[in-house]
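> I need the structure of the sequence given here:
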Amino acid sequence: MLGPQKWTYFYLYLLLDVYSRCVVGWLLAERESATLAERLLEDAYAKQGLRPGQLTVHADHGAPMVSKPVAHLLADLGVTKTRSRPHVSNDNPYSEAQFKTLKYQPTFPKRFGCHEDALAFCRRFFQWYNNDHYHTGLGLLTPANVHYGTAEEVLRVRHQTLLGAYDKHPERFLNGPPLRQSLPSAVWINPPAPAKEVTRVSLPRRLVSNPLTRSALLEAE
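A predicted model of the protein is given here:
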């Protein structure tokens with residue numbers, strides 16, 4: 001008679017470039033560890049050729065990311081860190097979308113046989129995701145196109161192809177000639193609040209000349 005079955009849980013550490021959606025680092029482990037998170041961050045930082053003051057890391061409140069070793073590493077590397085809002089599990093929609101793509105991948109199994117099985121799946125998945133997955137959030141470019149600077153050439157060739165199709169069959173383009181796609185200038189997780197506009201009100205001369213009114217106006221400014 002078999003006893004109760006024991007399950008092993010795997011933890012996926014993932015570094016995602018928000019602008020390009022490119023996975024720049026990942027690690028699969030059987031435990032949460034500040035040491036592992038520190039090693040992953042340091043390796044990815046070196047591979048990407050970053051400089052102090054160039055990177056901002058947005059993370060949740062998980063134990064590895066709030067640990068002192070990781071905090072000291074980020075400070076040493078000149079990395080700015082931001083945190084998700086407390087009790088908001090989906091404060092980074094880009095990583096949530098990436099995890100959904102992973103879990104809804106047709107080859108994603110109900111369970112993995114062992115750590116090596118999970119590791120082999122992740123290797124195949126992230127290779128496909130970065131280089132072969134035409135991302136709808138990137139105008140059907142791959143994350144690698146955007147991250148490694150080939151996106152503009154791809155968009156140029158694509159636009160020329162569409163113009164050629166338009167010249168041959170303009171009736172198929174109901175909105176007129178195709179417009180050239182362009183990459184966004186910036187991507188935000190939590191965009192800054194817009195600056196409030198100051199509205200100036202013209203007051204009657206008799207009020208402006210009043211000392212009490214002038215004092216109140218100066219204090220308001």
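
> Could you check which helix or strand contains Gly113?
Per DSSP states H and E, Gly113 falls between elements, in no helix or strand.

> Relative to Thr161, how far out is it?
Relative to Thr161, Gly113 is positioned 44 Å away (Cβ to Cβ, to the nearest Å). C-beta here means a position set from N, CA and C on the backbone, and glycine is covered the same way.

> do Lys168 as well
Taking Cβ to Cβ as the measure, Lys168 falls 11 Å from Thr161.

> And the two? Which one has more around it.
Using other Cβ atoms under 10 Å as the criterion, Lys168 and Thr161 rank with Thr161 on top: 11 against 8.

> Quick one: residues contacting that one.
By Cβ atoms under 8 Å, 6 or more residues apart in numbering, Thr161 lies in contact with nothing.

> Could you write out the alpha-carbon coordinates of the helix or strand hosting it in PDB?
Take DSSP H and E as the rule and Thr161 turns out to sit in helix 151-168. Extracted C-alpha coordinates of helix 151-168, given in PDB (Å, rounded to 0.1, in the frame of the first residue of the first chain):
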ATOM      1  CA  ALA A 151      13.100  46.100 -34.400                       C
ATOM      2  CA  GLU A 152      13.400  49.200 -36.600                       C
ATOM      3  CA  GLU A 153      14.800  47.100 -39.500                       C
ATOM      4  CA  VAL A 154      12.000  44.600 -39.100                       C
ATOM      5  CA  LEU A 155       9.400  47.300 -39.100                       C
ATOM      6  CA  ARG A 156      11.000  48.900 -42.200                       C
ATOM      7  CA  VAL A 157      10.900  45.700 -44.200                       C
ATOM      8  CA  ARG A 158       7.400  44.900 -43.000                       C
ATOM      9  CA  HIS A 159       6.200  48.400 -44.100                       C
ATOM     10  CA  GLN A 160       7.700  48.000 -47.500                       C
ATOM     11  CA  THR A 161       6.000  44.600 -47.900                       C
ATOM     12  CA  LEU A 162       2.600  46.100 -46.900                       C
ATOM     13  CA  LEU A 163       3.000  49.000 -49.300                       C
ATOM     14  CA  GLY A 164       3.700  46.500 -52.100                       C
ATOM     15  CA  ALA A 165       0.600  44.600 -51.200                       C
ATOM     16  CA  TYR A 166      -1.400  47.900 -51.100                       C
ATOM     17  CA  ASP A 167      -0.100  48.800 -54.600                       C
ATOM     18  CA  LYS A 168      -1.400  45.500 -56.000                       C
END
